[in-house]
Each structure stands twice: as structure tokens, then as C-alpha cells.
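>>> sharing a model prediction with you, sequence too.
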Amino acid sequence: MAHLLKLLVTLLCLALSCERGQAAAIELERVSSSEATRDWWQVAQFYQIYPRSFKDSNGDGIGDLQGIISKLDYLKELGVTATWLSPIFTSPMADFGYDIADFFDIQEEYGTLDDFDQLIAAANERGLKIILDFVPNHSSDENVWFQKSVRREKGYEDYYVWHDGYVNASTGARIPPSNWLQAFRGSAWEWNSQRGQYYLHQFAVKQPDLNYRNPAVVAQMKRVLTYWLDRGVAGFRIDAVPWCFEVLPDADGRYPDEPLSGYTQDPDDSAYLKHIYTQDQIETVDMVYQWRQLLDDYKRIHGGDTRVLMVETYSSLDYVMKFYGNRTTKGAQIPFNFQFIVGGEGNKNNTELSAYGFVKIINSWLGQMPADQTANWVMGNHDQRRVGSRYGEDRIDLMNMLQMFLPGVSITYQGEELGMTDGYISWEDTRDPAACNSNETIYQQFTRDPARTPMQWSSEANAGFSTNSSTWLPINPNYVTVNVAAETAADTSHLKLYKQLVDLRKSKTLQYGTTRYAAINENVVAIKRALSGQPTYVLVANVLNSHVCGVDVASELYSSGSYKIKLLNPQAKAAVGDSVALNNLSMPPYAALIVESV
Ligand code: GLC
């Protein structure tokens, strides 16, 4: 009977795979440069720290620099080689550090410049690099530059984007200069009664946009970069890049209205408009090239390793790819690849995404990236839902496996190595301006708090994050089992697999090998990494909640020969060292395997 059932399942599987046809595999010979020309960042393991939620050293419920220092050994042990920190600069925290009041100093609740120097020294001792968040588009309204600009002090008159706006002839009411919307709901223009003009803020009211048409601003922001390079940072993640430049006003000084997008009927939602005049301007690309030049010049003069730029932009791929540079000018080494965030069904829910969807996402980047550049893979960050919440908890290991196995730079957001998931945050506990600017009924659509809950270190009070009675955002109750201590002690865990993946990523094959990948059917993604004279590795993942059998990965990937399991997730229901037949695999729901040629 069991035999008959198995036969029926096999026949059904065969019928389904025939019906849908097989996706052609894609071979990439070019993506990996040779060992001799490799720079440190191309094989680095990057890790994003959200300092407010990483580790609290002084018991005030908020993470800080000494907290980070106390966890550098954890990062080292994890195999991280460079970490980028969300902003740590003086800030009234309207957008949790992305509203900077002093670009040259540290937020008091995070520590001091002395703590920062200690952090650099302690990181250097361990061979870890520190990368800072550079927020060029805006400052805080509490920044002295803005206050001087409000007062029209000499040299600061045009530091920000100011405009008179208009007056409605019949009602006498004041009207903003254009219909532009801020990212956090509502008009992007705010009236300043002291100066008697509107200022542009593409994010919160407390985040006025700097005016990049003013050379003094351009020079000032370059000073910011040099200041932190002098303090020993290894590069910068550049925040909100597409917003830096806006279109120039016309001859009458008018800014054009942006057209409606048709995506939403909610006129306060930034998605209501197509941002053709306020984002993705070509001048912004040149600005990034200038910053790259500054970093390269710095290295030429002061020596040391290459300093890197990571660019945050969710724009169209055509625009994103420009940040890599062109034939004559170098750009950022790492324009973030957000395809696993924006691709598929988008940020909210990708739990049903099929193998075809996964391969489409992979191919969107690898297919468009300039030939001589390095790919990168970002699965999540402090602005997005956690990977396990977006792709499903059954796919947590699978997603880490993909991230590490694909060619290029791997970037992990804190806690993803543990499989942390979104914390539930009530309206009362909501802190994110993107949500606070909405209301109790709709805030869940906009909030970024769920991915920002404190890091889960142990099953002690407050997940070992803080000794305070409360923390700035509530701890996710799943900390009791999802935490560093428990996952370190367990025989198998997300964390253990993550570490093994980091190790495997150091192999020559994964660093320099070619890549061939395919959706074998709706369920199965397969990726082969090969390098002459080295073991070949194949990742096979069943991304859906149904069992598939008789899966032939071998023909699509040209991977004949014998293979044994190197790494696997628990859903694979097999063991390390088991032999596998790549032309006839049986894959339980969400099973993921990395096999090695023997
Ligand atoms: C970036 C940051 C985000 C911040 C915004 C404004 O998207 O990642 O957290 O709110 O820029 O600075």
C-alpha cells in the first residue's frame, strides 16, 4: 500500500513538472574575480548593528557603544569581518538617529567620542572593521546649521531648500510650493514662521533637507566624511541616497507638482505620487562618485585598506546600477541589492513565493549588474519586516543559506543569524515616526518598530539586552528560546547553521567559483558553485510547503558525479555526510541542502 502511494506521488510529481515545464538554467562565469585581484570587502561578512537595540551597557534600556564593544567577541566568533552601524551621532531621536543635530559628535545616551575611539581600537584588535551610517540628505532641525539658516546667517542662507510658497487668492490661505509628500505621510513642506518661508523635508518635519545645489553644503558633507575617516572608519553606508537632489525650479521659481501614481487613494501616503522630481536625479549619482573619489584619495594619502561605500536606494534597478560607476568613474562598491526585499510580493509577505519567484529575484540583480562588479545580498534591515516574518519561519535557514551561497558580498541584519522574528508592538508602544504620523487603525502598515526590538542574547530578564526594568522597545517574547545563549548550546540551531555557512563561504569555490542556477520546478531552486580543482557545491532548496520527489537537479546544473550532504536545515530530514543522487531527490517541505562533490 505504502509502495503504491509512493508511486502515485511520484507520478503526480512527474505530471506536474511536465505541465509547468522546466526553467532554463542561467550560467554566470564572470561574476567572480580571481584570488589575486580580490579586495577585502569582496569576501567580507558584513553585519548591520542597530545600536539602540544591540546591547545596553549602563542599564538605561537603550543600547550603546560600550554595549557594542562588549559584544565584539560575539561578532568575531560569528565570522563577521565588518559591521555597519546605524547612526550614533547627536540627535533628538525624532527618527532614531537619522535626524542628526551634530554630525561630528556622539549621541550622549550612546556614549562619547572617547567610547567611539575605544570601539575602533577594540575592533581593530580583533581584525573587525567599523563602517558608519552617513546621512547626507537631511539634518535635524536642531542642527546649528538649520538654526543659522532659519536666521539667514551669512553663508547659511541657502543651506536648506527654502521657498515662499503661495497664497490662495480667494481664501488668503498659505499654500506650499508643490504637492510633494514626505516619506512619513503628509506634505514635504513645513512653514517656518521665524524665517517666513517653507522648508523642504522629505522625511519627518524635524528632518529638513540639505540643499545639494549649494557648494558649501557639498563641501561640509565631505568634511563629515573626512572627520570620521580620520577616526579610523572603514567606510560608510550612505542613507536615503535617491533624495539628495530635487529638480531645479523653473524660471519663475516654481517646483513642478509630481503626478499621481495610482497605487493608493490615501493622499498622505508617499506612494500616492510618482517621485519623478524629488528622487533618483542624475546629479545624485555624480555626488556618490565624488564621495568615492574622496575615499580613494584618502587611501592614497593615508594608506590602509580600501574604504567602502554602501548605497541605500530602493529605486529602479537601472538607477541603482549607476551607483556602481561607469567606464571612467568609480562609484560605490556596494549599492545595496534589495531585490529580496522589494522583489517577489514585496516587503509584507513572500511566504508563498515559488522557486520561479526566487530565481527571478536572483536573476534581477545578477542579470543587470555590470560585468566587472561584485554582487551583494541584503535580506533585511532596520526598515523592513524580519526575514522570518516576511518569508516564513520555515524558510529562515533557507534564506541564510541562499544569502551565503550566492556569489558576492553577504550582509546580515542583527538577529537574523538567530532567526529573530517581528515583535508585536502596540500602538501605545509605537515609536517609529513612519507609524506615529498615522493612526491606531493603520499604523501596522507603516511601522518599522517590529524589526527593531532589542537583540536577544539570553533567556535572562530583558533577553540579556539590558538590566533596566523596561527597554526602549519591548522585547519579543520569543526570546526565551530564540537567543544567542540557547542557540549556542543547542546541537542544531539557526545560529549554528549560520556559523557553518560563514565558514563554507570562505572556501575557494564560494569565493571565486562560477555560478549556475535554476528553478527546477515550482518548488525547487538549485544553485551550483564550481571552481576547477576545488570541490563543487550545490544548494538545493524546496521553497514551498509540499513534498517533491524525483527531482532532477543534475541535468539542469550539469552536475553529474557523486555528492554528499555538507550542510542542511532540519526540514531536510537527512544527515551531514549522507550521499545524495542529484538526479533523483526527494525534498520534504522547505528542505534545504548544500551538497559537496566527492
Ligand atoms: C533611511 C533609513 C531610515 C530613515 C530614512 C531617513 O531609509 O534607513 O531608517 O528613516 O533613511 O533618514
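Thanks, I have it. Residues are numbered from 1 along each chain as shown.

>>> which residues does whichever residue of the stretch 351-500 of the chain sits closest to the ligand contact?
Taking CB to the nearest ligand atom, the ligand has its nearest neighbour within the stretch 351-500 of the chain at Asp383, 4.7 Å off. C-beta: built from backbone N, CA, C; applies to glycine. Contacts of Asp383 were listed using CB atoms under 8 Å, 6 or more residues apart in numbering, and they are Arg448, Ala451.

>>> nearest residue to Ala309 other than its sequence neighbours?
Just so we're on the same page, residue 309 is Leu rather than Ala. Nearest non-adjacent residue to Leu309, counting by CB to CB, 6 or more residues apart in numbering: Ala332, 3.8 Å away.

>>> right, I mislabeled it, should have said Ala173
Ala173 sits nearest to Val167 (CB to CB, 6+ apart), 7.2 Å away.

>>> got it, and Trp40?
Distances taken as CB to CB, 6+ apart put Asp305 closest to Trp40, at 5.6 Å, once the chain neighbours are dropped.

>>> residues in the chain within reach of the ligand, list them.
Proximity of the chain to the ligand (CB under 6 Å from any ligand atom) is limited to residues Asp95, Tyr98, Val135, Phe203, Asp239, Ala240, Glu312, His382, Asp383.

>>> in contact with the closest residue to Ala94 other than its chain neighbours, which residues are there?
Counting by CB to CB, 6+ apart, Ala94 lies nearest to Lys206, which is 3.9 Å off, once chain neighbours are set aside. Lys206 makes contacts with Pro92, Ala94, Asp95, Asp99, Ser140, Asp141, Glu142, as judged by CB under 8 Å, 6+ apart.

>>> could you measure from Lys206 over to Pro477?
32 Å (CB to CB, to the nearest Å).

>>> for the stretch 301-450 of the chain, what spans make up the helices?
According to DSSP state H, counting those that start in this stretch, the stretch 301-450 of the chain carries its helices in the segments 317-322, 339-342, 355-368, 387-391, 396-405, 433-436, 443-446.

>>> quick one: distance of the second one to the chain centre.
Between the mean C-alpha point of helix 339-342 and the mean C-alpha point of its chain there is a distance of 9 Å (CA atoms, centre = their mean, to the nearest Å).

>>> test my guess that the residue nearest to Leu309 contacts Thr306.
No - using CB atoms under 8 Å, Ala332 is not in contact with Thr306, being 12.0 Å away.

>>> pick out the residue of this structure closest to the ligand.
For the chain, CB to the nearest ligand atom, closest residue to the ligand: Tyr98, 3.3 Å.

>>> go ahead and confirm that residue touches Pro87.
Yes - using CB under 8 Å, Tyr98 is in contact with Pro87, at 5.9 Å.

>>> overlap of the contact sets of those two?
In contact with both Tyr98 and Pro87: Asp133, Val135, Asp239, using CB under 8 Å, 6+ apart.

>>> dump the residue contacts of the last one.
With contacts taken as CB under 8 Å, 6+ apart, Asp239 has the following neighbours: Pro87, Tyr98, Asp133, Phe134, Val135, Pro136, Asn137, Glu312.

>>> now Phe203. Nearest residue, chain neighbours left out?
Ala183 (5.2 Å).

>>> next one: the one you found from Gln279, what distance?
Taking CB to CB, one finds Ala183 at 10 Å from Gln279.

>>> same question, Lys564
49 Å.

>>> neighbour count for those two, which is higher?
Gln279 (23 against 14; other CB atoms under 10 Å).

>>> the more buried one and Trp243 touch, don't they?
Yes - taking contacts as CB under 8 Å, Gln279 lies within contact range of Trp243: 5.8 Å.

>>> which helix or strand contains Ala526?
In this structure, Ala526 sits in strand 524-530 according to DSSP states H and E.

>>> gap between that strand and the chain center?
Taking CA atoms, centre = their mean, one finds the center of strand 524-530 at 24 Å from the center of the full chain.

>>> and that strand, C-alpha only, in CSV?
The C-alpha coordinates for strand 524-530 follow below in CSV (Å, rounded to 0.1, in the frame of the first residue of the first chain):
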residue,chain,number,x,y,z
VAL,A,524,12.9,23.7,-6.1
VAL,A,525,15.7,26.3,-6.5
ALA,A,526,19.1,24.8,-7.3
ILE,A,527,22.4,26.7,-7.4
LYS,A,528,25.8,25.2,-8.4
ARG,A,529,29.1,26.8,-7.5
ALA,A,530,32.1,25.3,-9.2
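
>>> ok, residues contacting the helix or strand just after it?
Next helix or strand after strand 524-530 toward the C-terminus (DSSP H and E): strand 537-542. Under the contact criterion CB under 8 Å, 6+ apart, strand 537-542 has outside partners 355, 358, 398, 401-402, 405, 504, 507, 509-510, 513, 523-530, 548, 551, 553, 557, 559, 563, 566, 582, 585, 587-597.

>>> rewinding a little: of the contacts of Asp239 - the most surrounded one?
Most neighbours among the contacts of Asp239, by other CB under 10 Å: Val135, with 29 neighbours.

>>> in this structure it contacts Ala240, no?
Yes - using CB under 8 Å, Val135 is in contact with Ala240, at 7.1 Å.

>>> list residues touching both of these two?
Contacts common to Val135 and Ala240, judged by CB under 8 Å, 6+ apart, are Tyr98.

>>> quick one: residues contacting the closest residue to Leu200 other than its chain neighbours.
Counting by CB to CB, 6+ apart, Leu200 lies nearest to Val161, which is 3.8 Å off, once chain neighbours are set aside. Applying CB under 8 Å, 6+ apart to Val161 gives the contacts Tyr199, Leu200, Pro208, Asp209, Asn211, Glu246.

>>> quick one: the helices in the stretch 1-150 of the chain, in order.
2-20, 65-70, 72-78, 113-125, 144-150.

>>> name the surrounding residues that touch the second one.
Applying CB under 8 Å, 6+ apart, the set of residues contacting helix 65-70 from outside is 49, 51, 54-58, 85, 88, 106, 110-111, 115-116, 118-119, 122.

>>> pLDDT of it, averaged?
Averaged across helix 65-70, pLDDT comes to 99.

>>> could you check the distance from Thr284 over to Glu246?
According to CB to CB, Thr284 and Glu246 sit 10 Å apart.

>>> for Glu352, same thing?
38 Å.

>>> try Thr83
33 Å.

>>> do Arg223 as well
Applying CB to CB to Arg223 and Glu246 gives a distance of 23 Å.

>>> so these two - more neighbours on which side?
Neighbour tally, Arg223 and Glu246, criterion other CB under 10 Å: the higher count belongs to Glu246, 24 against 10.

>>> in space, what's closest to the more buried one - neighbours in sequence excluded?
Closest residue in space to Glu246, ignoring its immediate chain neighbours: Thr278 at 5.1 Å, by CB to CB, 6+ apart.
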